[in-house]
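S.K.: Need a 3D model of the sequence below.
(one chain, ligands or ions: 1)
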Amino acid sequence: MDSVSLSEVTVIRRTHLGFMHSFRQPFSGVTISPKFCSSKVEGSRAVSSSVSNTKSQLFYGESITTTSDSGYKMNEVNLKSRTLISAVKERLLLDAFDDEYGGVIVDHRKLPSNLNTFTSMLRASLSDWRRKGKKGVWLKLPVEQSELVPIAVKEGFEYHHAEKGYVMLTYWIPVEEPCMLPANASHQVGVGGFVLNQHKEVLVVQEKYCAPSITGLWKLPTGFINESEEIFSGAVREVKEETGVDTEFSEVIAFRHAHNVAFEKSDLFFICMLKPLSNKIIIDELEIKAAKWMPLVEFVEQPMIREDKMFKRVIEICEMRLRQRYCGLSPHRLVSTFDGKPSSLYYNVVDDNDDPSHSNCIANFL
Ligand SMILES: NC(=O)C1=CN([C@@H]2O[C@H](COP(=O)(O)OP(=O)(O)OC[C@H]3O[C@@H](n4cnc5c(N)ncnc54)[C@H](O)[C@@H]3O)[C@@H](O)[C@H]2O)C=CC1
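M.R.: Numbering: from 1, shown residues only. Model prediction:
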């Protein structure tokens, strides 16, 4: 912290106490210590002064000293008083970090709880960010402080996305530039398990809740993968949950891309081939009406499958895979130097002359 001399205290008192006072009104949490206002300093004894916030106690000008002569160093004083004022102003802004795109991310852990304080700090922060040429603003409001949402919306913030614990709002500052903030996630990811046993029977289910058009249809077990879950483990989990059958993931056989499926989101549906590790069926009574091992020919002969181009094609591809005339995608765990995170790259290994066993196209499912 910079030290502040007696002269500065006097100058600040004379010229900026009004300023301080004017700031005190909207920010009921900000108080100026009486020590700060005192100009009575004995000799060169250090006297502490403070500007405090209800949440954090910050001390500006921890030592105040008099100068021996009566001619105070006014330039230095002005500079230091400006520094002090800007430091005080800083405390009246929302805590925020710069992001790598020239924007700011408000620290949601340090939001004020008082509504008037939040309104004033948000306005002051927007002016400050605008003056500094900042672009996108990310404001995450926890559910415990949901009363701040209408205030932010009134100041021009828009909803970006919401989770159980928070709503994320954004504000794009440059009026002359188009908004470059990325939109909310646009897709959901589903998996379906094609599980065939050694008797050429496919594992099928009837859903408890489904559209009237598919009532009675025996279909592959399907579901959504969870956040941070892999496609390969999500498929195994869904099959286990719905039917009780243990499986081992083999390949992604195909995927379907459809739009406006749920919550107006697009849908990526991965059809996965899985090897059964058990036979016994125990259905999930909450979700599934019935499950069974059904002869593949019988499954394909269902009118809904025969007449549906997509279902029909999926089964044809699965059959081609079983005859080794088609090759699916298998996951390979890799760490990319771009983000240093492990991720799964799905691809097929058709020709590996050095080690043919690496080719996922030769694997026999039965
Ligand atoms: N179910 C099907 O016949 C087909 C599904 N798919 C794909 O499978 C993936 C998963 O879809 P589905 O298995 O159909 O998932 P789903 O829509 O049946 O939902 C999964 C789970 O959420 C529950 N659920 C969904 N909406 C609900 C609500 N409003 N209230 C209470 N519970 C609710 C369901 O009961 C189920 O347990 C998607 O990618 C989809 O495109 C693809 C083709 C056909």
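S.K.: Mark out where each domain of this structure begins and ends.
M.R.: For the chain, automatic domain parsing gives the domain ranges 6-91, 96-172, 187-331.
S.K.: quick check: mean pLDDT across the longest one?
M.R.: Regarding domain 187-331, the rounded mean pLDDT is 95.
S.K.: can you tell me the distance between the two ends of it?
M.R.: Domain 187-331 has an end-to-end distance of 21 Å (criterion: C-alpha to C-alpha, to the nearest Å).
S.K.: Quick one: distance of that domain to the chain centre.
M.R.: Offset of domain 187-331 from its chain centre (C-alpha atoms, centre = their mean, to the nearest Å): 29 Å.
S.K.: Please list the outside residues in contact with stretch 119-126.
M.R.: Here stretch 119-126 makes contact (C-beta atoms under 8 Å, 6 or more residues apart in numbering) with 26-27, 89, 92-94, 96, 106, 112, 137, 151-152, 155, 171, 173. No exception for glycine: its C-beta is placed from N, CA and C like everyone else's.
S.K.: Please repeat the previous calculation with a cut-off of 6 Å.
M.R.: 26, 92-94, 151, 155 (C-beta atoms under 6 Å, 6 or more residues apart in numbering).
S.K.: helix, strand or coil for residue 159?
M.R.: Following DSSP: H, G, I helix; E, B strand; the rest coil, residue 159 is assigned to strand.
S.K.: and the residue of the stretch 101-250 of the chain nearest the ligand?
M.R.: Closest residue of the stretch 101-250 of the chain to the ligand, C-beta to the nearest ligand atom: residue 190 (1.8 Å).
S.K.: residues in contact with that residue?
M.R.: By C-beta under 6 Å, 6+ apart, residue 190 lies in contact with 224, 269.
S.K.: Return the distance of it relative to residue 268.
M.R.: Distance of residue 190 to residue 268, computed by C-beta to C-beta, to the nearest Å: 7 Å.
S.K.: rewinding a little: I'd like to know the beta-bridge partner residues of the residue of the stretch 101-250 of the chain closest to the ligand.
M.R.: Counting by DSSP bridges, residue 190 forms beta bridges with residue 224, residue 269.
S.K.: who wins for most neighbours among the contacts of stretch 119-126?
M.R.: residue 94 (21 neighbours; other C-beta atoms under 10 Å).
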